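Peer 1: I would like the atomic coordinates for the input below:
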Amino acid sequence: MEALIDRLRGIVGASHVLTGAETEGFGREWTGHYHWTPLAVVRPGNVDEVAAVLRLANETETPVVPLGGNTGLNGGTMAEGALMLSLARLNRVREFNTAARTVTAEAGVVLQSLREMAADHGLMFPLTFGAQGSAMVGGFLSTNAGGSNVVRYGVTRALCLGIEAVLADGRVLNLLTGLHKDNTGYDLRDLLIGAEGTLGVITAAVFRLAPAPVAHATALLGMDSLPEALALLHEIQAGTGGAVEAFELMPLAFMERLGRLKPDLACPFPPRPVNIMVEIATTIPGDNPVARLEDLLGAAMERGAVHEAIIAANEGQRRKIWEMRESAAEITFTEPFLIDTDVALPLDRLEEFLTRMTARLATIDPGATELIVAHLGDGNIHYTAYPALTDDATMADIRAAISAEAVALGGTFSAEHGVGISKRKTMAAHKDPVALAVMHAIKAALDPKGILNPGKVLPPGAA
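Peer 2: Here you go, the predicted model:
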């Protein structure tokens, strides 16, 4: 091992190879559910150093786990006995092209910095979620992250025009195109996005930017019916020309928990069974989205679909409504035992899933409780169960039930958090077997020695 460490020091410099006690801060995931002891943490400073590290790892058959901001939730960065390849030093924005409305950023650029840079140029990078202050380009590409603006702008894959990645043998794959159309063979960019570092290490990407909104209208609504909330979503989309940027569900139990744990963010009205954060935006100077939203909500209140409605009167009030939603992870991960899942369903099956899952949870563990928050506009539910029976078998049964109910209704067991370790068994149970065989074949072709993030995403099986 010492010989390997010495060679790594020769590639990136002695100060950028951490071993022993120096790696302590790298041995756990944000959730606290996974702990490990890495062989070493290597911090390359550019793509050439990443390539040299991977050539050495491939030669010595040393497992490598790429690391960004370490904000994942499914054990995707667990690295027992492996090299952790921290990409935090690859933090340069290589190009900001206002004419083409693109930005080329390295894997270690933090999402919030990217959003702020775009705003400084009168543009918008529309990806947003609670961990944006620490999540990095390489990480949110590797999990194909979603967030609250997917309803208008799509997931990360929809925002990425090109990537640069280093393959397992150290070859650099340069697909850093800013083209919106490039029909030249297999789409290797999309293959690597969402692969969680199992096929290659993403080192840079080209993203498309959007016009920055000049005005927002943000409201918090109290409703009693999920179908009525979805009907309202469609009405607002139609009435604003598709200007809905966020449509987020925060049910009664969520609001009650938020009020207990963060009283400064308590719901300003007695929370209803269905509480919605809605935001629309306009890029047209002089347009008044607040007036349009007031008209649409007024009609919904007249027919009894909306019972409470507060529209933010200033940016401070808008930010507070957003903080209520973005505190979800903080108020969810407060118990020692929980099953946190991330499913997506067709919009017309959401209520059925929640009804069925509540009944099924009571059958498995009568004392269990549930906490739900959702990107309602795109059908993504973050369903968390707090079991009363905390044995491994019961918790596994609950996790399996959540996935089974989602898939049975035409949904998926992973919407935006990836697979990592925690959903590998679910992949084996529910993913099309032909699709799994193809994935194994691709993995074998690109990483024949199996050094890239081993034990993640794919369940065991032959290609």
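Peer 1: residues contacting G122?
Peer 2: G122 makes contacts with A212, as judged by Cβ atoms under 8 Å, 6 or more residues apart in numbering. Any C-beta I mention is one placed from the backbone N, CA and C, and that applies to glycine too.
Peer 1: Distance of it relative to T369?
Peer 2: 46 Å (Cβ to Cβ, to the nearest Å).
Peer 1: same check, this time on H121
Peer 2: H121 is 46 Å from T369, by Cβ to Cβ.
Peer 1: Beyond the helix or strand where L297 lies, next helix or strand please.
Peer 2: Take DSSP states H and E as the rule and L297 turns out to sit in helix 289-302. The C-terminal neighbour of helix 289-302 among helices and strands, as given by DSSP H and E, is strand 306-311.
Peer 1: any idea of the angle that following strand forms with helix 289-302?
Peer 2: 160 degrees (axes from the mean of the first three to the mean of the last three Cα atoms, to 10 degrees).
Peer 1: continuing past strand 306-311, what's the next helix or strand?
Peer 2: Counting by DSSP H and E, what follows strand 306-311 is helix 315-326.
Peer 1: That next one packs against which elements?
Peer 2: strand 215-223, strand 274-282 (3 or more Cβ pairs under 8 Å, 6 or more residues apart in numbering; DSSP states H and E).
Peer 1: mind listing what's buried in it?
Peer 2: Residues of helix 315-326 classed as buried: 318, 321-322, 324-326 (neighbour count, 16 or more other Cβ atoms under 10 Å).
Peer 1: which residues in the stretch 51-200 of the chain form helices?
Peer 2: 111-120, 137-142, 150-153, 156-159, 188-192 (DSSP state H, counting those that start in this stretch).
Peer 1: Dump the ones you listed into CSV; add mean neighbour count, distance to A238 and mean pLDDT as well.
Peer 2: CSV is the format used below for the helices of the stretch 51-200 of the chain (neighbours: other Cβ atoms under 10 Å; distance: least, Cβ to Cβ, whole Å; pLDDT from 0 to 100):
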stretch, mean neighbour count, distance to A238, mean pLDDT
helix 111-120, 17, 29, 96
helix 137-142, 30, 31, 95
helix 150-153, 22, 14, 92
helix 156-159, 18, 22, 96
helix 188-192, 18, 31, 97
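Peer 1: can you redo those as CSV with distance to E24?
Peer 2: Shown next, in CSV, are the helices of the stretch 51-200 of the chain (distance: least, Cβ to Cβ, whole Å):
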stretch, distance to E24
helix 111-120, 26
helix 137-142, 21
helix 150-153, 36
helix 156-159, 30
helix 188-192, 31
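Peer 1: out of those helices, nearest to A219?
Peer 2: helix 150-153 (15.0 Å; Cβ to Cβ).
Peer 1: Can you give me the end-to-end span of stretch 407-420?
Peer 2: 19 Å (Cα to Cα, to the nearest Å).
Peer 1: Flag every buried residue along it.
Peer 2: 407, 409, 411-420.
Peer 1: same deal with stretch 283-299?
Peer 2: 287, 289-290, 292-293, 296-297.
Peer 1: Which pLDDT value goes with the closest residue to M439 other than its chain neighbours?
Peer 2: Of all residues not flanking M439 in the chain, L458 sits nearest, at 5.8 Å (Cβ to Cβ, 6 or more residues apart in numbering). Note on L458: pLDDT of 95.
Peer 1: My guess is L458 contacts R424. True?
Peer 2: Yes: with contact defined as Cβ atoms under 8 Å, L458 counts as touching R424 (7.1 Å).
Peer 1: Give me the more crowded residue out of those two.
Peer 2: L458 (21 against 18; other Cβ atoms under 10 Å).
Peer 1: could you measure the more buried one against L452, distance?
Peer 2: In terms of Cβ to Cβ, L458 sits 11 Å off from L452.
Peer 1: Give the residues shared as contacts by those two.
Peer 2: T198.
Peer 1: give me the element T390 is part of.
Peer 2: Here T390 is assigned to no helix or strand, by DSSP H and E.
Peer 1: Walk me through the domains of this structure.
Peer 2: Using automatic domain parsing, the domain ranges for the chain come out as 2-86, 93-211, 215-329, 335-423.
Peer 1: Present those domains as JSON lines; the columns should include distance to A445.
Peer 2: Converted to JSON lines, the domains of the chain look like this (distance: least, Cβ to Cβ, whole Å):
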{"stretch": "domain 2-86", "distance to A445": "14"}
{"stretch": "domain 93-211", "distance to A445": "9"}
{"stretch": "domain 215-329", "distance to A445": "36"}
{"stretch": "domain 335-423", "distance to A445": "20"}
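Peer 1: Quick one: mean pLDDT for the host helix or strand of A400?
Peer 2: A400 is located in helix 392-408, with elements delineated by DSSP H and E. Across helix 392-408, pLDDT averages out at 96.
Peer 1: And it, what's buried?
Peer 2: Quick answer for helix 392-408 (16+ other Cβ under 10 Å): 394-395, 397-407.
Peer 1: Stretch 77-91 now?
Peer 2: Neighbour-count burial for stretch 77-91 [16+ other Cβ under 10 Å]: 77-79, 82-91.
Peer 1: Could you identify the most distant pair in these?
Peer 2: Top of the distance list for those (Cβ to Cβ): M78 and N91, 23.9 Å.
Peer 1: ok, back up a step: for the buried residues of stretch 283-299, point out the one with the lowest pLDDT.
Peer 2: Lowest pLDDT among the buried residues of stretch 283-299: D287, 93.
Peer 1: How much space separates the residue lying closest to H16 once chain neighbours are set aside from L209?
Peer 2: Using Cβ to Cβ, 6+ apart and skipping residues adjacent in sequence, the residue nearest H16 is R43, 4.1 Å away. Remark: distance between R43 and L209 (Cβ to Cβ) = 29 Å.
Peer 1: now H375
Peer 2: Computed as Cβ to Cβ, the H375 to L209 distance reads 22 Å.
Peer 1: And I284, by the same measure?
Peer 2: Counting by Cβ to Cβ, the gap from I284 to L209 is 18 Å.
Peer 1: Repeat that for L296.
Peer 2: L296 is 28 Å from L209, by Cβ to Cβ.
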